[in-house]
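# The sequence isn't on hand, but the structure is:
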Ligand SMILES: Nc1ncnc2c1ncn2[C@@H]1O[C@H](COP(=O)(O)OP(=O)(O)OP(=O)(O)O)[C@@H](O)[C@H]1O
């Protein structure tokens, strides 16, 4: 144990014994709580407590809408303090870090110090600390170096401010922390003002977002500031009842109500009449629009008569009347065009619609061919970035040696073989638009680190260039792999996973979609048969499509329809026009299939075998089930099966080896 830690523990033990200290009262109170209520032993040095990814996700999901609203404020604050060595944490009301921005170069040190996603900063575990003590007191504060209770935390300086929800309950804590800082605590007082200011802004953004269909009243003591930086903000319904407020407005209303300092009384403010607090009626509100000079928008508090200046935002429809909530917000056309009556797709589209214009990175998961890139394009098309580029990058297809230059660009002559004029790189190509990182799970680890830095700092340093270039991109990543499993296996950086998965959209497999008929109709409408005429599908063919499992999902369906349109002799696709693997099996074959099914369950003497525990490494057409079906349908003739699957023979042989499938002539012959 270091000398400073021993001296710190000494001070804690003396304070616990009742000795006077020169600490601020809030710190002394917290030390007392740590010993007498949380039963923390000052002599024990604790490791930071970091939640598992699945528990963290539960906390993040519960905060999703809030984090989304807060994100701009969080990023702006980080940009202002990053150069001074601070990292930024947003925790929920329990002290769990649900959002984090820091310099990934110092990841290990930050993680060791608990300045990391998923870290639990509740005072009960972590002792006196900015987040935990802020949760306890409900006030902004600085916990500087040896103010911390636990001796492991004494190098840190942490400044936190509470963010309240519109009903006055604690919603989150905003914190900036640094691993090193000057010794005087006063060095952090400006940081305190900063964090407090951004916490207020986030609180107001959350209030206005939550009640955007109601009256919003902004108030300030000065007419010059009421439109730009109001101190008090409240939401009121069309009948003049208070719906919510920011924390400053809550304090103001409590003072007017004579209930100041009674924390729980805040809840009883909701539902009270505007006239209880102000010399104001709901019918007066349209008068306070900013069309009138601010100096003429005077409002008095009802009890004290204190003058304030007001600015009101009317609800979107008929000002002054009670607002009827519309049934559900209309989806932007590109998202509405993805589905018809499928509940899972509706949920994905509704969620995506809320996120189109945020900075939050999105992760789209789903089996191969379910339309991940198609969805990413729809999100881009529905966003304010639609006029800027959508740049898709297939991380699995880029050769490892080229990927860095392709993604981040390089200067002329940066390395042997570099293009004479240098290269901009795909990240910068996407500036102002959307970068779509497909198969992100296949990105090599060193590149994951570079990508993480681009996402955290929103700037790129092309190879051979010393200065970073700022970049404004929306990142959407996709993977058909289970990224959480990849993280656990150490193949994918956990912090990158968290940064990419601001929101996760999961696409349903085609076999589960309830709008299958519509999708077939839509795909057919975009195709014509060989003679150029429009095509349709007979009932039997539709039944055959429905009977199929579609491991390759929409891509496989689109390919099957391409084939059918090409071979159909008239404008009507019959069942015989479908690829062989979709043909309903003839009765004689059905017996063969039953026999095959029995063999699958218990391979006879090695005629056919594939270990049940061997994962299907290649999904989609040509995946294990599909391969077996095609081989069986062609009497285990590899060339015919390959033709049917649209693969070459070598690929089929390779996949058979991979799945442990062996054909022996005599084994295959029993199914022909
Ligand atoms: N809603 C849709 N309507 C029409 N076509 C679609 C739809 N969704 C996907 N498709 C088509 O299905 C095919 C596969 O889509 P996409 O490439 O987006 O899938 P993916 O999930 O990204 O595939 P992979 O996992 O292999 O990268 C494409 O040809 C696309 O045009």
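Yes, it's here. Worth saying up front: this structure is predicted, and the values here are computed from it rather than measured.
# quick one, domains of the protein?
The record assigns the chain these domain ranges, following automatic domain parsing: 3-199, 211-313, 334-506, 510-582, 587-669.
# Any chance of TSV for those, columns distance to residue 205 and mean pLDDT?
Bear in mind the C-beta positions are built from the backbone N, C-alpha and C, glycine included. TSV is the format used below for those (distance: least, Cβ to Cβ, whole Å; pLDDT from 0 to 100):
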stretch	distance to residue 205	mean pLDDT
domain 3-199	5	91
domain 211-313	10	84
domain 334-506	12	87
domain 510-582	36	86
domain 587-669	42	51
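# would JSON lines of those domains with distance to the ligand and mean neighbour count be doable?
Putting the domains of the chain into JSON lines (distance: least, Cβ to the nearest ligand atom, whole Å; neighbours: other Cβ atoms under 10 Å) gives the following:
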{"stretch": "domain 3-199", "distance to the ligand": "22", "mean neighbour count": "19"}
{"stretch": "domain 211-313", "distance to the ligand": "30", "mean neighbour count": "17"}
{"stretch": "domain 334-506", "distance to the ligand": "3", "mean neighbour count": "18"}
{"stretch": "domain 510-582", "distance to the ligand": "4", "mean neighbour count": "17"}
{"stretch": "domain 587-669", "distance to the ligand": "7", "mean neighbour count": "16"}
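# Distance from the helix or strand where residue 29 lies to the middle of the chain?
Element membership for residue 29, per DSSP states H and E: helix 25-36. Its chain's average C-alpha position is 37 Å from that of helix 25-36, according to Cα atoms, centre = their mean, to the nearest Å.
# what packs against that helix?
The criterion is 3 or more Cβ pairs under 8 Å, 6 or more residues apart in numbering; DSSP states H and E, and the helices and strands that helix 25-36 contacts are helix 3-16, helix 123-126, helix 130-137.
# Adding distance to residue 561, write these out as TSV.
Putting the helices and strands packed on helix 25-36 into TSV (distance: least, Cβ to Cβ, whole Å) gives the following:
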stretch	distance to residue 561
helix 3-16	70
helix 123-126	58
helix 130-137	56
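# quick one, strands of the stretch 501-650 of the chain?
Using DSSP state E, counting those that start in this stretch, the strands of the stretch 501-650 of the chain run over residues 503-506, 536-537, 572-573.
# Now render the ones you listed as CSV, adding distance to residue 148.
Formatted as CSV, these follow (distance: least, Cβ to Cβ, whole Å):
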stretch, distance to residue 148
strand 503-506, 34
strand 536-537, 70
strand 572-573, 72
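# Could I get the contacting residues of the most centrally placed residue in the chain?
Ranked by distance to the mean C-alpha position of the chain (Cα atoms, centre = their mean), the top residue is residue 502 at 1.5 Å. For residue 502, the contacting residues are 67, 68, 71, 355, 358, 360, 361, 362, 363, taking Cβ atoms under 8 Å, 6 or more residues apart in numbering as the criterion.
# ok, now with 6 Å
For residue 502, the set of contacting residues under the criterion of Cβ atoms under 6 Å, 6 or more residues apart in numbering consists of 360, 361.
# And it, how far from residue 483?
Applying Cβ to Cβ, to the nearest Å, the value for residue 502 to residue 483 is 14 Å.
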